[in-house]
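*Asks:* Quick one: sequence and predicted model below, then my questions.
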Amino acid sequence: MLYWSIPLVILLATIEGLVLSRTGRRDYDWSAYFASLGDILGRTVIDIVSLGLLGTVYHWVWLHRVWTVPLNDISAFALLFLGQEFAYYWAHRSAHRARWFWATHAVHHSPNQLNLSAAFRFGWTGRLTGSTLFYLPLIWLGFPPIAVFGTLTLNLLYQFMLHATWIPKLGWLETVLNTPSHHRVHHAANLDYLDANYGGVLIVFDRLFGTLRVEREELPCRYGLVTPLAARNTIAIAFHEWRALARDLRQVNSPSALWFTLFGPPGWRPDGQGQTTEDLRRLAAAPAPGD
């Protein structure tokens, strides 16, 4: 459903890049822009090809729904909005906390600059990994698939502008909405900011589940992955984490190791000496030798 918006978001990202380049506010990374452009064009083709199979799944769940929610008043749409926000929060959180989903989502976090072109760099394998299955409960409960994914489309379009680093904090709106400030933290690779701010339009579920981190003036965001990715080739970016996952799977020697390698947090290692967020924070908090 996002296809109609592709020319618009590319145009806006291009205008932003030209303005930032002309004003000299920063050294705009045009090679990353073109990598993101290749990502969105390639993903569009893949999504169209895979839509038939997934559409069959959505239709089957709809046929076996437990109820039909009549979307004939504002309360029904409000319920759909909140349900979709809840599903999005957990889908997004899983994309950071389960390596199977992170292998795709890492592509979105790979740009070392945050700007509007980074907003449409999503990777090519999201649907193939089953990321949209998080929304099936809404269909099963009685919301039509077109309404569920139409709401998700609006959610993602709202988030497009969250990738503009030139938008300041928005006052009291920061308590309720996901804002550019909250999203800057989400994209930051600083240890204090990792694994935070998963909301779509709202930030309330992050407050509720303890994943909210507030942008701090004394801690500027460093964007990109914890280990920065230098690649500018769209295909290399799309599959870099899948190659790393395949490499680690070759070292697996037990069912539990297989499970945690696939569905544990990124950076997990069976010897406990990995680079998960928890490992990195534990290491940072440990006293230095001789203290």
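*Replies:* Good, I have the coordinates.
*Asks:* And the pLDDT for the nearest residue to Trp30 once chain neighbours are set aside?
*Replies:* Counting by CB to CB, 6 or more residues apart in numbering, Trp30 lies nearest to Gly17, which is 6.8 Å off, once chain neighbours are set aside. C-beta coordinates here come from the backbone N, C-alpha and C atoms, glycine included. For Gly17, the pLDDT comes out at 94.
*Asks:* Might one say that Gly17 is in contact with Gln113?
*Replies:* No: if you go by CB atoms under 8 Å, Gly17 and Gln113 don't touch, sitting 10.0 Å apart.
*Asks:* Tell me the spacing between the closest residue to Phe263 other than its chain neighbours and Val176.
*Replies:* Leaving out its chain neighbours, the residue that sits closest to Phe263 by CB to CB, 6+ apart is Ala98, at 4.8 Å. Ala98 sits at a distance of 28 Å from Val176 (criterion: CB to CB, to the nearest Å).
*Asks:* Look at the two and report which has more neighbours.
*Replies:* Ala98 (17 against 14; other CB atoms under 10 Å).
*Asks:* who's in contact with that one?
*Replies:* Going by CB atoms under 8 Å, 6 or more residues apart in numbering, Ala98 touches Leu262, Phe263, Gly264, Pro265.
*Asks:* returning to that earlier point: find the residues that touch each one of Gly17 and Gln113.
*Replies:* Common neighbours of Gly17 and Gln113, using CB under 8 Å, 6+ apart, are Tyr28.
*Asks:* can you map out the helices along the stretch 101-250 of the chain?
*Replies:* Along the stretch 101-250 of the chain, the segments classed as helices by DSSP state H, counting those that start in this stretch run 116-119, 126-129, 136-140, 145-160, 180-187, 204-209, 234-249.
*Asks:* buried ones in the third one?
*Replies:* Under the neighbour-count criterion of 16 or more other CB atoms under 10 Å, helix 136-140 has Leu136, Leu138, Ile139 buried.
*Asks:* any idea which of those is closest to Trp62?
*Replies:* Among those, Ile139 lies closest to Trp62 (CB to CB), at 5.4 Å.
*Asks:* Gly199: what's it in contact with?
*Replies:* Glu85, Tyr88, Tyr89, His92, Asn178, His182, Phe205, Asp206.
*Asks:* What distance do you get for it to Arg250?
*Replies:* Taking CB to CB, one finds Gly199 at 36 Å from Arg250.
*Asks:* Which of the helices of the stretch 101-250 of the chain comes out lowest on mean pLDDT?
*Replies:* Among the helices of the stretch 101-250 of the chain, helix 126-129 scores lowest, at a mean of 88.
*Asks:* Who are the packing partners of that one?
*Replies:* When contacts are defined as 3 or more CB pairs under 8 Å, 6 or more residues apart in numbering; DSSP states H and E, helix 126-129 sits against helix 30-63, helix 99-105.
*Asks:* roughly how far out does stretch 281-288 sit from the chain middle?
*Replies:* Taking CA atoms, centre = their mean, to the nearest Å, one finds the center of stretch 281-288 at 28 Å from the center of the full chain.
*Asks:* Go ahead and name everything in contact with it.
*Replies:* With CB under 8 Å, 6+ apart as the test, stretch 281-288 has contacts from Leu191.
*Asks:* I'd like the average pLDDT over that stretch.
*Replies:* 82.
*Asks:* From the contacts of Ala98, list just the buried residues.
*Replies:* Burial by neighbour count, 16+ other CB under 10 Å: within the contacts of Ala98 this picks out Leu262, Gly264, Pro265.
*Asks:* Model confidence score at the nearest residue to the first one once chain neighbours are set aside, please.
*Replies:* Closest residue to Leu262 in three dimensions, ignoring its sequence neighbours and counting by CB to CB, 6+ apart: Trp100, at 5.1 Å. Trp100 carries a pLDDT score of 97 in this model.
*Asks:* ok, now the one 3 residues further on?
*Replies:* Per-residue confidence for Ala103 comes out at a pLDDT of 97.
*Asks:* Wait, it touches Arg243, no?
*Replies:* No: using CB under 8 Å, Ala103 and Arg243 do not qualify as a contacting pair, with a distance of 9.3 Å.
*Asks:* These two: which is more packed in?
*Replies:* Higher neighbour count among Ala103 and Arg243: Ala103, with 25 against 11, using other CB under 10 Å.
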